[in-house]
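*Asks:* Test case, fold it:
(one chain, ligands or ions: 2)
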Amino acid sequence: MCGALAEQGYVIIPDFLAEAEANLLYQYAQELPDHHWHLAGIGREKQHTVNTGIRSDQIHWLSEEQPIEARWLELMEHLRTMLNRSLFMGLFDYECHLARYQPGSRYKRHLDAFKGRSNRVLSTVFYLNPNWREEDGGELIIYGENNQVLERVLPTQSTLVMFLSDTFVHEVTLAHRLRFSMTGWFRHNASLGQRIDPPA
Ligand SMILES: O=C(O)CCC(=O)C(=O)O
Ligand SMILES: [Fe+2]
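*Replies:* Residues are numbered from 1 along each chain as shown. Ligands and ions are numbered 1, 2, ... in the order given. Prediction:
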């Protein structure tokens, strides 16, 4: 995993969690009541706007207070120290949200961080739906430097994708089936001028 990250800047790990663990998260996401979800926006603070033409998923930020959410955050904390030890990435903390794509939702091409304007370093995406098929859409496409398609990832349960946040343009194609993912970012401890960067 570390080798691929160091060499390519991204890695795709199938079966990151045991089935029972992944199912627990899937069930949790499915049963989370509507009032816990809100329309995702783009940009932060004053730049924060909801633009459903670009992204039409709904999100729920994870917190330490909820045991199932806390478990995931704890696991990512282990991953953070492991990455720091192996790759000297200097990752300081982690923020993560659940994302729910209703049929007909997508997230157009974007970067998760712009060089020098965000402290997001490494993006993580973990998928929850079992038995995802190609005809269900909702693929993650990762683009290379020359806009070539590097990877098309089916959002199949327990697949974890990690990529450098300011390097890889990516998109989520139109989902035809209710699609759940957990998207997070390992961050550097940098407050950028007046702009601090807490979870939205
Ligand atoms: O759900 C995915 O596959 C990726 C989501 C994404 O790119 C994001 O939330 O920034
Ligand atoms: Fe993204």
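
*Asks:* just the helices in this structure please.
*Replies:* 2-8, 19-31, 67-87 (DSSP state H).

*Asks:* Columns distance to ligand 1, mean neighbour count and mean pLDDT on top of those helices, output as a markdown table?
*Replies:* In short, each C-beta sits where N, CA and C put it, glycine included. Compiled in a markdown table, the helices of the chain are given as follows (distance: least, Cβ to the nearest ligand atom, whole Å; neighbours: other Cβ atoms under 10 Å; pLDDT from 0 to 100):
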| stretch | distance to ligand 1 | mean neighbour count | mean pLDDT |
| --- | --- | --- | --- |
| helix 2-8 | 17 | 13 | 92 |
| helix 19-31 | 12 | 15 | 98 |
| helix 67-87 | 15 | 15 | 96 |
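
*Asks:* Within range of ligand 1, give me the residues from this protein.
*Replies:* Contacts of the chain with ligand 1, taken as Cβ under 6 Å from any ligand atom, map to 99, 107, 112, 125, 140, 155, 170, 172, 181, 183.

*Asks:* Look up the closest residue to the fifth one, ignoring the ones flanking it.
*Replies:* Going back to what we said before, that points to residue 140. With sequence-adjacent residues excluded and distances taken as Cβ to Cβ, 6 or more residues apart in numbering, residue 140 is closest to residue 153, at 4.2 Å.

*Asks:* from the chain's centre, how far out does stretch 88-108 sit?
*Replies:* 3 Å (Cα atoms, centre = their mean, to the nearest Å).

*Asks:* end-to-end on it?
*Replies:* 32 Å (Cα to Cα, to the nearest Å).

*Asks:* For residue 171, give the beta-bridge partners.
*Replies:* Legend: beta-bridge partners of residue 171 under DSSP bridges are residue 141.
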